[in-house]
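Asks: Pasting the sequence and the predicted model now:
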Amino acid sequence: QKEVEQDPGPLSVPEGAIVSLNCTYSNSAFQYFMWYRQYSRKGPELLMYTYSSGNKEDGRFTAQVDKSSKYISLFIRDSQPSDSATYLCAMTADSWGKLQFGAGTQVVVTP
Amino acid sequence: DTAVSQTPKYLVTQMGNDKSIKCEQNLGHDTMYWYKQDSKKFLKIMFSYNNKELIINETVPNRFSPKSPDKAHLNLHINSLELGDSAVYFCASQSRGDEQFFGPGTRLTVL
């Protein structure tokens, strides 16, 4: 079993809908949680970075971490076709170093 | 200016050949990484260097040998290429406590 589990999708939503993504993990030492967005044939780019439990909001994006359940989420409000990409969760026990990635969820936002 | 660059972008080669991928970052970061992303988009760390010193070495065949001539460069040499080495290889760099910046990737196809 992988340390980080993420449904690969694809997840197809109409434009304007809320996109809900999540990951579960097994290593209770993880403290830093990230969401990366990866467009086709590009490198991953950081979207959200959260330390420990709680919520973080940045524009249309909200990241949630529930360490007691070992569950993290990313919500995208008012989704746009330009949000179509693969979203990867990642986490680490220390603030720098070895990231464990989920498998990535492919999101398709249809006009 | 590209923050993290990789060459070549595409690499097609025969089984048994030896090839190298180069990575350069102009961000002044101390730490650099190599990741492998397979066909299912799963991103897995291979190596990490900090100030030219190897600090992470995952379970990778010893046909893969990273080399860091200086802290701005991290190269990956692969001997005796196998079909299973076909993947996208990403270089990343990081400053302590900051996010990891990924390069555009090198798509390796072994025939």
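Replies: Cool, got the structure.
Asks: From here on, just use CA atoms for contacts and neighbour counts.
Replies: Fine.
Asks: A:Arg37 is in contact with A:Tyr87, isn't it?
Replies: Yes: between A:Arg37 and A:Tyr87 there is a contact under C-alpha atoms under 8 Å: 4.6 Å.
Asks: out of these two, which sits in the busier spot?
Replies: A:Tyr87 (27 against 22; other C-alpha atoms under 10 Å in any protein chain shown).
Asks: check contacts around the more buried one.
Replies: Neighbouring residues of A:Tyr87 by C-alpha atoms under 8 Å, 6 or more residues apart in numbering or on different chains: A:35-38, A:104-107.
Asks: Give me every residue in chain A lying close to chain B.
Replies: A:41-46, A:95-104 (C-alpha under 8 Å from any C-alpha of the partner chain).
Asks: can you pull the buried residues of stretch A:45-63?
Replies: Neighbour counts over stretch A:45-63 (16 or more other C-alpha atoms under 10 Å in any protein chain shown) mark A:45-51, A:53, A:61-63 as buried.
Asks: Next, report how far it is displaced from the centre of its chain.
Replies: Relative to its parent chain, stretch A:45-63 has a centroid offset of 9 Å by C-alpha atoms, centre = their mean, to the nearest Å.
Asks: and the end-to-end length of that stretch?
Replies: Terminal residues of stretch A:45-63 are spaced 15 Å apart (C-alpha to C-alpha, to the nearest Å).
Asks: Residues contacting that stretch, please?
Replies: Contacts of stretch A:45-63 with the rest of the structure, by C-alpha under 8 Å, 6+ apart, involve A:31-38, A:64-67, A:72-78, B:99-102.
Asks: Restricted to strands, list the residues you listed.
Replies: With DSSP state E as the criterion, strands contain A:32-38, A:64-66, A:72-76, B:100-102 from among these.
Asks: Can you give me the separation between B:Lys9 and B:Tyr33?
Replies: 17 Å.
Asks: Please read the previous query as pertaining to A:Asn55.
Replies: Distance, A:Asn55 to B:Tyr33, by C-alpha to C-alpha: 29 Å.
Asks: just A:Pro44 next, same as before
Replies: 13 Å.
Asks: Tell me which of these two has more neighbours.
Replies: Ranked by neighbour count (other C-alpha under 10 Å), A:Pro44 and B:Tyr33 place B:Tyr33 first, with 27 against 24.
Asks: tell me the SS of that one?
Replies: strand (DSSP: H, G, I helix; E, B strand; the rest coil).
Asks: Return the helix or strand in chain B with minimum mean pLDDT.
Replies: Least confident helix or strand of chain B, by mean pLDDT, DSSP states H and E, is strand B:53-57 with a mean of 86.
Asks: Tell me which helix or strand comes right after that strand.
Replies: Next in sequence after strand B:53-57, counting helices and strands by DSSP states H and E, comes strand B:64-70.
Asks: does the next helix or strand after that next one come close to chain A?
Replies: Using DSSP H and E, the next helix or strand after strand B:64-70 towards the C-terminus is strand B:73-78. No: using C-alpha under 8 Å from any C-alpha, strand B:73-78 stays clear of chain A, coming no nearer than 15.8 Å.
Asks: Strand B:73-78 packs against which elements?
Replies: In this structure, strand B:73-78 packs against strand B:19-25, strand B:31-37, strand B:64-70, with contacts taken as 3 or more C-alpha pairs under 8 Å, 6 or more residues apart in numbering or on different chains; DSSP states H and E.
Asks: Tell me where the model's unsure across chain B.
Replies: B:1-2, B:97 (pLDDT under 70).
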